[in-house]
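In: Output the structure for:
(chains A, B and C)
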Amino acid sequence: MISQTFKEAVSAVWSMVVGLKVTGRNFLQPQITVHYPRQVVTNLDTYRGHIELVAKDEDPFKAKCILCGQCENNCPSGCITIESVTRETPAPPAPEPAPGEEAKPAPKPKKVKELTQFMLDYNLCSLCGLCVQHCPVDSLRFSTDVYLAGFSRGEFEFELLEMLQKRGKK
Amino acid sequence: MSHCEANALTGDTYTRRFDTGPAGDTLIVNMGPQHPSTHGVLRVIVELDGEYILRAEPVLGYVHRMHEKMGEVKSFTQYLPNMGRVDYLHALAWNWAYVGAVEKLGGVEVPERAQYLRVISTELNRISSHLVWWGAYLLDLGAFTPIMYAFDDREIILDLLQIITGSRLTYCYFRFGGVVADVTPAFVSGLTEFLARFKSRLPMYTDLVTNNVILRKRCEEIGVIDVDMARRYGATGPVLRGSGVAYDTRRAEPYGIYDRFDYEIPTFPEGDAMARYMVRMREMEESVKIIEQALAQMPEGEYLSAKAPKPAWKPGVGEAYFAVEGARGKIGAYVVSDGAKNPYRVKLRAPSYCNLSLFAELAQGVILADAVSIMGSLDLVIPEIDR
Amino acid sequence: MPDMNTLLAGIPAELTRLVLALIGLMAFIGLNGLALVWVERKVAGHVQRRPGPYEVGPFGLIQPIVDAVKLVGKQLATPAGADKFLFWLAPLLSFLPIFLLFIPIPFSENLVGLNTNLGVLLILAFAGLNVLALCLAGWGQNNKWGLLGAGRAVAQSVAYEIPLLLAVLAVSFQTGSLSLAEITAKQGAWPWQWNIVVQPLAFFLYFICAVAETNRAPFDLPEAESELTAGFHTEYSGMGFGLFFLAEYANMIVVCSVATVLFLGGWQGPVEPGWWWFLIKMYALLVVIIWFRWTYPRVRFDQLLNLNWKWLLPLSMVNLLATAFAVKLFA
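Out: Residues are numbered from 1 along each chain as shown, chains lettered A, B, ... in the order given. As a prediction, the model looks like this:
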C-alpha cells in the first residue's frame, strides 16, 4: 500500500520531468514563425482574396464580362453592383447591290451593352466564390491581395474595372 | 457586496431571475461573457459558496446571428457561405450537413471523386478542430505552451485547406453536387508529408500533456457523465463516446462514403473529462487513418457534377434531414422547401448546444477550477450554440 | 567643501552601510526585474518556437523598459466601491518589504547589506508580508474574483511557509547557524562540497515551496487567469499592477538567492569566487522556475493544499528529524 503510493509519486514526478524534456528540446529547436514584415508567407498564390475582373485576351483594358448579371444576382451579401451603358455602334455601310439583285435592307445599327462600372463592396463580401464559380465567361477571378488595410469602410469599396485598367497600363 | 442582500439581485433579466439559494451568504458572480475560459461570449451565472459552485446557469445568445432565419431569405445556393460561420472550427462538417440535406431534397448526384474530396477535407478539418480544442483546453488548465505546438500543426492543415478551399477558417467549399475545386499535386504531396509529420508529433503531445500528472489530476474523475445522463441531454460526439457509447454518425447513419473505410470509433467508459480528452486524441489518429485510405482510393473524375444545379435552381416541394458527425457531435440540417427559390425553413442542430446543457448539472457542487475543466472538456464553440 | 569622513563621522558606520545597501539593492532589484521580464519572455518564446521580443532594441532588450514606461504612463483607475486606501496600500506593501529581504543576502564575501546572524529568520519573517498585500488587494478592490484570489493566496502562503521553513531549518541544523554568510562560508568551492549533496530532499522541498510561495505556475492560483480572470490584481491598472508584477519577480529573485546561499554554495565557485558565481547560480534557478511555468498546467486548489499537507510537510519533518539525528550522531 505504502510502496504503491510512493511508486505513484515517483512516476508522477517523472512525468513532470518528461514534460520539461519536451519543452527543453523545443527550446533548442529553430523557430517556426514568419517574422513579418521582414519575411512574408510564401503560399499566397492559393489565397482567395477579393475578386477581380479578367481582361479580354486581345484588349487588356476591357473585361471579358458580358453583363449577364449572374454574379450580381447570386451574391449572398449583395456586394456586387454593375453599371452599364448601351451604345449603338454605327451600322456598317450597306453593301452595294450587285447588278440584277434587289437592294438589301440596310443593316440595323448594333446595340452593344458596355460595362462602365463594376463595384465590389468588399466590406460585405464573405469570399464564398459563388460569383467566380457561376461566371459563364470566366471574367472573374480571385486576387491574391492579402495585405489590405485601411482607415475607413470607403477604402474597401473597389471599382474593379478601374483596377483592371490600372493593371492593363502596367 | 451583493451577496449580503441575496435575493435582491440587480442587473439584467437573467440576473434578476436567478434564484439564490436559501443560505444567503453565497457569492453570485458572472462568469463571462468576457471571462477567459468561456471562449468568447458564453455567460454563466454562478452561485458560489467559497470555491464550491452551488448552481450554475448558462446564459446564451451573445453571438446570435440569425443563421436559421437567414436561410429563409436567401436562395439555396446563397445560404452556403453561412455554413462556414456557424462553427468556425469544423466549418466543413456544417458545409456537408447543409449540402447533404439539399442534395437529398433535390436528388442531386455527387460524383465519386467529390465524395473522396469531401471526406479528406472534412477529416483534415476535424483534426484542426481537435487541435484547437486541445490547445484551448490546456490554456484553460493553465498551460500556455501546448496551444502553440497545436497551432504549429494546425497551421499546416490551414495551408493545405487553403490550397483547395482558398480560405483558412470559414470554408465555403462544398456545392450541391460536389465541391468547388479539385486538389492539386501540391496538396497531395503536402498532405502525405503532413500525415507522416503529425503521426510523429502525437507522442510528443502524449509526453508533454497526456501523461502529465497535473493534467491527469485535473481531468480524472472530474465531470463524470454516465450514459443515462448523456442520453437525457442528447449529448453526442466525443462527450457521448467519452461515456462509453460507441455512437458516431459516420458509423450509425453512414453518409457519403464513410462505409468504405476501416476505422475505429474510440470510446472510453469512464465518462470523466479525461475520457473525453482521450476520445479526441484517439479520434485525431483515426482521422489520419481515414485520410490515408481515402487518398489511396481516390479515383479520377469530375469534382463537381456536370448536372450540378444552377444557382436559380429550385429543389421542389419537400423536406429533408441530413446528419453528419462534426468534431463536437452530431450536426443536423433540416431543410423544408415549398418549391420556391428560398428554403421555407432551415433548422440547424448544433451539437454544442446539447453538450452545453449538461454543464449546469455537472457544475453543481464542484470547485470553480473543476467547472473550468468541465467546460473545456465539453469543447464548446459558442457561435455554434447561438447560431 | 567638508571632508566626506567628517560628514559621515557623526553617523554610525553600520547605518551608512545600510543606506548605501538599500540604494544599491533598489538598483539591483529594478535592473534584475527588467532583465527577468526579458528572460521570461525570451524563454517563453523559444519554448514555443517563436522569437519572443525582438523588435525593440537588439534582441528586444529594450522591450521591458518600454513596457515599464507604458505601465507608468497609464491611468491609475480606482474601481467604484473600492476601499481606496487599502487598494493603493496593497501594491506598495507588496513591493516595499522586498528591499528588507535582500539586506542579509551575501552576494559575495563582503558584498552584503547587513551581516546579521539571524539572516534566514529576517527573510522568512518579512517574506510573510507579501501575503498580507495580496489579501488587502483582493479585499480592497470590491471585486468578487479578487476576493476569491485573495482567499486562495492566504491559504496557499500559510500552508507552504511551513515546509519551506522546515527545509531551511534542516540546513541550519546541519551548519549550526542562521547567518547566511556563515552558511555560505561553510560550503566549499566545488559542487560536491555544497549543501545540496547533503540535503537533496531539503533542496527539492525548498524549491517546490519557493515556487508556490512566489505564486508562480504551476501554483499561480491567486491569479489563475482562466479561473479568476486575474485573481487578486483584477482591478489594478498601470503601475499598481506593475508593482505587483515587479514584486513577483523580486520575490523570485529572493527565493532563488536564498536557495543559492543555502544549497548551492552562494558566491563560492571553482575558479575566482565572487558575486558572479552567485548571479550565475541564481539565474540558473530562475530559468528553471520560468521553464516550469511554460511547461505545466495549473494544479487545482485542493490538490495544492493536499500536496502540501500530505507530502511536503511530512517529508520535510522526516528530513528535519533525520538531519537532527545525524547532527547529534556525527557532529
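
In: Against chain A, how distant is C:K74?
Out: Look at C:K74 and chain A: by C-beta to the nearest C-beta, to the nearest Å, they are 25 Å apart. Where you see a C-beta, it was placed from the backbone N, CA and C, and this is true even at glycine.

In: Can you check the pLDDT for that residue?
Out: Here the pLDDT value assigned to C:K74 is 86.

In: Could you measure from it over to A:V41?
Out: Separation of C:K74 from A:V41 (C-beta to C-beta, to the nearest Å) stands at 34 Å.

In: same thing with B:V279?
Out: In terms of C-beta to C-beta, B:V279 sits 34 Å off from A:V41.

In: Looking at the two, which has the bigger crowd around it?
Out: Ranked by neighbour count (other C-beta atoms under 10 Å in any protein chain shown), B:V279 and A:V41 place B:V279 first, with 22 against 11.

In: and the more buried one, what is it in contact with?
Out: Contact analysis of B:V279 by C-beta atoms under 8 Å, 6 or more residues apart in numbering or on different chains lists B:P238, B:R241, B:G242, B:P266, B:T267, B:F268.

In: near chain C, anything from the single longest helix found in chain A?
Out: Assignment by DSSP state H gives helix A:2-28 as the longest helix of chain A. Yes - for helix A:2-28, a contact with chain C is found by C-beta under 8 Å from any C-beta of the partner chain, at A:A9, A:M16, A:G19, A:L20, A:V22, A:T23, A:G24, A:N26, A:F27.

In: quick one: the first one from C:W192, how far?
Out: Counting by C-beta to C-beta, the gap between A:A9 and C:W192 amounts to 27 Å.

In: The last one too?
Out: Between A:F27 and C:W192 the distance is 28 Å, computed by C-beta to C-beta.

In: Neighbour count for these two, which is higher?
Out: A:F27 (17 against 8).

In: Give me the distance between the more buried one and C:V43.
Out: Distance from A:F27 to C:V43, counting by C-beta to C-beta: 7 Å.

In: Tally up the residues packed near B:T15, please.
Out: Using other C-beta under 10 Å, B:T15 has 16 neighbouring residues.

In: tell me the SS of it?
Out: Three-state assignment for B:T15 (DSSP: H, G, I helix; E, B strand; the rest coil): helix.

In: isn't it right up against B:E47?
Out: No - using C-beta atoms under 8 Å as the test, B:T15 is too far from B:E47 to be in contact (11.4 Å).

In: Mutual contacts of these two, please.
Out: With C-beta under 8 Å, 6+ apart, B:T15 and B:E47 have common neighbours B:I28.

In: Report how many residues lie close to A:T116.
Out: 11.

In: How about the nearest residue to it once chain neighbours are set aside: which residues does it bridge to?
Out: In space, and not counting its chain neighbours, A:T116 is closest to A:E83: 5.0 Å by C-beta to C-beta, 6 or more residues apart in numbering or on different chains. Bridge pairing for A:E83 (DSSP bridges) gives the partners A:Q117.

In: A:E83 and A:E159 touch, don't they?
Out: No - using C-beta under 8 Å, A:E83 is not in contact with A:E159; the gap is 9.8 Å.

In: Let me know the secondary structure of the nearest residue in space to A:F142 that is not next to it in sequence.
Out: Take A:F142 and drop its neighbours on the chain: the residue closest to it by C-beta to C-beta, 6+ apart is A:R48, 4.0 Å away. Using three-state DSSP, the structure places A:R48 in coil.

In: per-residue pLDDT, A:R48?
Out: At A:R48 the predicted local confidence, pLDDT, stands at 84.

In: what's the answer for the one 10 residues further on, then?
Out: Per-residue confidence (pLDDT) for A:E58: 79.

In: One more: A:E155?
Out: pLDDT for A:E155: 85.

In: low-scoring pLDDT stretches of chain A, where are they?
Out: A:90-109 (pLDDT under 70).

In: switch to 80 and redo it
Out: A:1, A:55, A:57-63, A:87-115, A:161-162, A:164-165, A:167-170 (pLDDT under 80).

In: care to break it down by domain?
Out: With domains defined by automatic domain parsing, chain A comprises A:1-30, A:51-89+A:107-169.

In: Highest mean neighbour count out of these?
Out: domain A:51-89+A:107-169 (a mean of 16; mean count of other C-beta atoms under 10 Å in any protein chain shown).

In: where does chain A come near chain C, residue by residue?
Out: A:9, A:16, A:19-20, A:22-24, A:26-27, A:29-33, A:35.

In: Quick check: of those, which lies closest to chain B?
Out: A:V22 (4.3 Å; C-beta to the nearest C-beta).

In: Around the nearest residue to the closest one once chain neighbours are set aside, how many other residues sit close by?
Out: Spatially, and ignoring its direct neighbours in sequence, A:V22 is nearest to B:L208 (4.3 Å; C-beta to C-beta, 6+ apart). As a burial measure, B:L208 scores 26 neighbours (other C-beta under 10 Å).

In: which residues touch B:L208?
Out: Counting by C-beta under 8 Å, 6+ apart, B:L208 has contacts A:V18, A:G19, A:V22, A:T23, B:T145, B:P146, B:Y149, C:T295.

In: Any figure for the gap between the first one and C:S316?
Out: Computed with C-beta to C-beta, the distance linking A:V18 and C:S316 is 26 Å.

In: cool, and the second one?
Out: For A:G19, the distance to C:S316 equals 24 Å [C-beta to C-beta].

In: So which bits of chain A are right by chain B?
Out: Proximity of chain A to chain B, by C-beta under 8 Å from any C-beta, involves residues A:11-13, A:15-16, A:18-19, A:21-23, A:26, A:32, A:43, A:46-48, A:70, A:73-77, A:126-130, A:133-134, A:142.

In: which bits of the stretch 151-300 of chain C sit near chain A?
Out: C:W291, C:F292, C:W294, C:T295, C:Y296.

In: shaky segments in the stretch 51-200 of chain C?
Out: C:108-117, C:119, C:128, C:188-193, C:195.

In: Can you tell me which residue of it sits closest to chain B?
Out: For the stretch 51-200 of chain C, C-beta to the nearest C-beta, closest residue to chain B: C:K144, 4.7 Å.

In: what about that residue, how many residues close to it?
Out: C:K144 has 21 neighbours, counted by other C-beta under 10 Å.

In: Correct me if wrong: it contacts B:V29.
Out: Yes - between C:K144 and B:V29 there is a contact at 4.7 Å, judged by C-beta under 8 Å.

In: so what sits against both of those two?
Out: Both C:K144 and B:V29 lack any common contact, where contact means C-beta under 8 Å, 6+ apart.

In: list the contacts for A:F142?
Out: A:Y47, A:R48, A:G49, A:H50, A:I51, A:E52, A:G129, A:V132, B:G166.

In: which one of the residues you listed sits closest to chain C?
Out: Among the contacts of A:F142, A:Y47 lies closest to chain C (C-beta to the nearest C-beta), at 22.5 Å.

In: For A:D145, see how far away the closest one is.
Out: Here A:Y47 is placed at a distance of 9 Å from A:D145 (C-beta to C-beta).

In: just A:G154 next, same as before
Out: Going from A:G154 to A:D145 by C-beta to C-beta gives 17 Å.

In: where does the stretch 51-200 of chain B come near chain A, residue by residue?
Out: Counting by C-beta under 8 Å from any C-beta, the positions of the stretch 51-200 of chain B adjacent to chain A are B:74-75, B:77-82, B:84-85, B:145, B:149, B:152, B:159, B:162-163, B:165-167, B:170, B:172, B:175, B:180.

In: Looking at those residues, which are in helices?
Out: B:L80, B:P81, B:N82, B:G84, B:R85, B:T145, B:Y149, B:D152, B:D159, B:Q162, B:I163, B:T165.

In: Now for the residue most central in space within chain C: which residues touch it?
Out: The residue lying closest to the centre of chain C (C-alpha atoms, centre = their mean) is C:N251, at 2.3 Å. Residues near C:N251 by C-beta under 8 Å, 6+ apart: C:I98, C:L101, C:A127, C:N130, C:E213, C:T214.

In: Let's have the residues you listed in JSON lines, adding distance to B:F194 and secondary structure.
Out: Shown next, in JSON lines, are the contacts of C:N251 (distance: C-beta to C-beta, whole Å; DSSP: H, G, I helix; E, B strand; the rest coil):
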{"residue": "C:I98", "distance to B:F194": "50", "secondary structure": "helix"}
{"residue": "C:L101", "distance to B:F194": "52", "secondary structure": "helix"}
{"residue": "C:A127", "distance to B:F194": "51", "secondary structure": "helix"}
{"residue": "C:N130", "distance to B:F194": "48", "secondary structure": "helix"}
{"residue": "C:E213", "distance to B:F194": "45", "secondary structure": "helix"}
{"residue": "C:T214", "distance to B:F194": "41", "secondary structure": "coil"}
